[in-house]
Structures are given as C-alpha cells and as structure tokens.
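Enquirer: below are the sequence and a predicted model; questions follow.
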Amino acid sequence: MALETWVMVGGWDFLDRYGVDRFLDTLQEAGVNHVAFGGTPPVEPDPKVYKAHGIAPLPPPPDILARADGVSATLRAARDRGMKVYLYGTNPHMSRTDGYHHLSRKTFLDEDLSLKEVESYWGVCVNCPRLLPTYRARLRDISRRFPCDGFLNDGPEFGYEIAPGFMGGNWNLFACFGPCCAQKAREMGVDLRAFQDAAGRLRGWLRNLSPAALKAFLETPPGLPDTFDLFQTDPALQDWLRFKTASIESYVKALCEEVHALNGRPRIGIGARTAAFAPLTGYDLSRIARHADFVLPKLYLWMGGYDGLYGTVYRWVRTLKSWNPQTPEDLLFQFVYRLFGFTLPAVNSLQDISRHIDAEHLDSGKLTHLGAPFPDEFYAEVVASETRKLLRNVGDPDRVRPWVCTSHGGRVLTPQELHLLLTGAEQGGLTTYLYYCKLEDGEWEVARRHAGRT
Ligand SMILES: [Zn+2]
C-alpha cells in the first residue's frame, strides 16, 4: 500500500535551485499534497503584537527578509494548487539567536554535580514562563503575513542522553533543575530539590554498574512500560518523570489551544522522539495526541552526528563503559537494550557498533558516507517494532506522521537503507510520514516508489 507522503524542505535555498513551479511540480508528480516549510519566515516583527507580552522582537537577518516576496508567492502558488501548507519556522528557536536568548535555558546536573546552564541555540526550558507568550506572539505575527494550514512544533524537550558535554548539555538526561522548573514545581505542589536528589542517585547508580548489579537488573522480569523498569525502585524518580511529562503536556496543550484559536483553526503537529526515547524526554505520546492534530516522532536512525538511534546507543554504552571500565561491554549493551526496549542485531560491543561509521567521524559530528550499512533485520525488526509502539500509543495511524531523514551529521543512510526504513515502518503499520530528505537522486526515487508513483 502506498504511503501518504508529506514533504518538509529546510531553509529557502530550494527556491534558487528549483523555482516555484518546478518545486511544486516535483512534489505533485510524486503525489505529495502537503508541504512544510522549514525556513525562518521573512517577517519584520510587528512590535505591537509582542508588546503586550513585554517582548522586544528582533527581525530575521536581511538575507531572509529579502525572501519575503518569493516566499509569499510560493505559499500562495502551493495553496492555489490545492496543497496544504505548513510552517516550521514559527518555532521560537527559528527566530534570531539573540532574540531567543531572553528565554531561560535548561539547567543540568554536570559531571561534578554542579548545576550548569545548557549551551545551545535550542536550549530553552519548556517551563520557561516567557516561552509560550513569545511563541504566541510569533504565531500570530507570522500567520497574519503568511496564512497557512498548520504548524509543526519541535521541542522543547527534556534530555535523554548521558554523554557529558554532548550538544552543550541540551539533551542531558539530568535536567532541568533551574528556576524555570522550580517555579513550575511550586505551582504543581511538588519538590524539585527531591527530584534533583533522585537524579543524582540515578546518576550514581549508572556510574556503579557492577557486573553483579547488572545481571540482577537484567534478570528482573520487565514491567510496564519497559523504559520505566529502572525507575520503579525509586519513587522520587517516578515522580520526577511524572513532573517532566506533566510539564510537557501542559505546554503542548496550551500551544495547541493557541493554534486552534487562530483564524481558520490551523492544525498542529507535535514533534517527539521515537517510542524508545520519548518517555525520558517527557513526551507521553498518548497524552500529546489528546491535544495535537498529529504527532511527528523522529524515526532518525543514523550512527554519529546527533539525533540518530544508533548514535544514541553508542554514546550511552561508551559513557557507561567510561564510568564502569570493569563491566563487560556486552552486559552494558544488554542493559541499554533493556532500557530502550529494542536490540540492535549483531551489536554486542563498541567495536561492533563502530563499524557503521568510519573512525574519523565516530565522534566528529560531521557528515560522512563511509561505514557499513545497518543490517536488514534492524529495519525489519526494530523499525517495525518502534512503529507499532507509536501507533499503539497514539491509537490512530492517520495521526502518526514520523519525521524521516537520512542524517543530522554522522553517517548518511543510503537510499537502500531509506527504502528498508520505510518498508519496515510500513510493516509496522505506518500509513503516512514526513519526508525530510533530498528532493533528488536515489532518496527521492525511494520516496516516489513508496508513494506508489514508480
Ligand atoms: Zn527548567
């Protein structure tokens, strides 16, 4: 069965490469009727919209503003053809960095147990009291200039990585313990300090994974859901996770209500990690789906770079190995597999997993095409199983629309791997997805094939 294919394009450079008509022809020839624009909208902010919220907005750079007529014509042409148009650039992190930094960033528990602020353009905390007012003003300002059918939201989220220093701490699991979350905790009548202590205990536990302790953990029957096994022994850890989940839901609910109140009741899709990682980030997809029109879990799989599933497993095990040098790697892999609810075929050591990227790019974050492709079983088993979990969590296949991309740094998935990814996801029940890859070459051929157009 053909997959309903939505397309997202990043930036505005595609207009120079394609021109409006050829771009839209390319999409429509592949049966694509929904397009999301990832570029920063070329809008000179209207101070009046922001004034009520005490925010002084900054305009996008001149090269973006110069695109205003071209972007306007593109959106209009797409809608004239009957296509649905979505904007990603309304996300606050897509505004100018110096305009975004009035928002409070997440605070994480660092290696020395001190609290540090995240260093990232994308580091805002979901509980920052100025985030939603900023977002609200931005949505109103931009949608007035560029009418559209909906918006794609991407973050904020709590972290799910443990590698020290990774991405400026933005995805650090041991966060957030800043004033933003202290205020939210007070409103909810819970104790953030107790959560910080619990996070410290979890961190201490992960740094003392003796072979005996790990074997005992691995022999315990799994509970529900898998990811939370580790947390069942410490009630404060469960409370901390519940706090993160409630924080995210309250933000998503308010954001969705805001979007639905705009002229024409636009739709909104909410981004999240895939099923294995989403719980640690505070995204409970069944609860998110109560508010969003659809969800956009990231079926990002690559090794290296950031965001990719293989890379996350590698960083977890490498970090645990550095904390527990006496513990065999195969036990650490089993632990991580148990935590995330999947097993990478034929990967039981750091050497096994490292063959999927060349040594030079293992930790560089840069793009590479070198490294062994992932085995077919990975797509047939893990991707299909992750998809089934996503569909089960949301309960409606039409509202599960994963972001599919081939890399954010690290080893780029080959077109054949993209084909196997979509095949595995379809076997898991997927009916629609958001294609966020090249509109040419082998990748686009794969998209066309899965859309039933070749
Ligand atoms: Zn916070």
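Expert: That came in fine, so what should we check first?

Enquirer: ranges for the strands of the stretch 301-450 of the chain?
Expert: With DSSP state E, counting those that start in this stretch, the ranges of strands along the stretch 301-450 of the chain come out as 367-368, 403-404, 410-411, 432-435.

Enquirer: low-confidence ranges, this protein, go.
Expert: Scanning the chain for pLDDT under 70 picks out 97-99, 221-232.

Enquirer: try 80
Expert: Low-confidence segments of the chain (pLDDT under 80): 1, 53, 96-101, 220-233, 454.

Enquirer: pull up the distance across stretch 155-163, start to finish.
Expert: Using Cα to Cα, to the nearest Å, the end-to-end distance of stretch 155-163 comes out at 20 Å.

Enquirer: how about stretch 37-46?
Expert: One end of stretch 37-46 to the other measures 21 Å (Cα to Cα).

Enquirer: name the residues that touch it?
Expert: Residues from elsewhere that reach stretch 37-46 (Cβ atoms under 8 Å, 6 or more residues apart in numbering): 8-12, 57-60, 64-68, 71, 74-75, 85-90, 94-95, 141-142, 144-146, 436. All C-beta atoms are positioned from the backbone trio N, CA, C, and that covers glycine.

Enquirer: tell me which of the residues you listed fall in strands.
Expert: Among the contacts of stretch 37-46, the ones falling in strands (DSSP state E) are 8, 9, 85, 86, 87.

Enquirer: residue contacts, the fourth one?
Expert: The reference is to residue 86. By Cβ under 8 Å, 6+ apart, the residues touching residue 86 are 6, 8, 34-37, 148-152, 267, 269.

Enquirer: quick one: which of those residues is nearest residue 242?
Expert: Nearest to residue 242 among these, counting by Cβ to Cβ, is residue 269 at 24.9 Å.

Enquirer: could you verify that that closest one is part of a helix?
Expert: No: applying DSSP: H, G, I helix; E, B strand; the rest coil, one finds residue 269 to be strand, outside a helix.

Enquirer: so it touches residue 292, yeah?
Expert: Yes: the criterion here is Cβ atoms under 8 Å, and residue 269 meets it with residue 292 at 6.3 Å.

Enquirer: just name the most buried of the strands of the stretch 301-450 of the chain.
Expert: strand 410-411 (a mean of 30; mean count of other Cβ atoms under 10 Å).

Enquirer: not counting its own residues, what contacts that one?
Expert: Identification of contacts with strand 410-411 by Cβ under 8 Å, 6+ apart yields 302-306, 308, 311, 356-358, 361, 365, 367-371.

Enquirer: make it 7 Å
Expert: With Cβ atoms under 7 Å, 6 or more residues apart in numbering as the test, strand 410-411 has contacts from 302, 303, 304, 305, 308, 311, 356, 357, 361, 368, 369, 371.

Enquirer: what sits against the last one?
Expert: Residues in contact with residue 371, defined by Cβ under 7 Å, 6+ apart, are 303, 355, 356, 357, 358, 411.

Enquirer: let's see that with 10 Å instead.
Expert: Listed by Cβ atoms under 10 Å, 6 or more residues apart in numbering, the contact set of residue 371 reads 302-304, 310, 354-359, 361-362, 410-412.

Enquirer: what's the spacing between it and residue 330?
Expert: The spacing between residue 371 and residue 330, counted by Cβ to Cβ, to the nearest Å, is 21 Å.

Enquirer: render the CA-only coordinates of stretch 50-63 in PDB, please.
Expert: Taking C-alpha atoms only, stretch 50-63 is exported to PDB below (Å, rounded to 0.1, in the frame of the first residue of the first chain):
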ATOM      1  CA  TYR A  50       4.700  41.400  21.100                       C
ATOM      2  CA  LYS A  51       4.300  44.500  23.300                       C
ATOM      3  CA  ALA A  52       1.500  43.100  25.500                       C
ATOM      4  CA  HIS A  53       3.900  40.200  26.400                       C
ATOM      5  CA  GLY A  54       6.800  42.600  27.300                       C
ATOM      6  CA  ILE A  55       8.900  41.200  24.500                       C
ATOM      7  CA  ALA A  56      11.100  43.200  22.100                       C
ATOM      8  CA  PRO A  57      11.300  41.100  18.900                       C
ATOM      9  CA  LEU A  58      14.300  41.100  16.600                       C
ATOM     10  CA  PRO A  59      13.900  40.800  12.800                       C
ATOM     11  CA  PRO A  60      15.400  37.900  10.900                       C
ATOM     12  CA  PRO A  61      18.700  38.700   9.100                       C
ATOM     13  CA  PRO A  62      18.500  40.800   5.900                       C
ATOM     14  CA  ASP A  63      19.100  37.800   3.600                       C
END
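
Enquirer: the ion contacts on the stretch 101-250 of the chain?
Expert: Within the stretch 101-250 of the chain, the positions adjacent to the ion are 125, 127, 176, 178, 180, 181 by Cβ under 5 Å from the ion.
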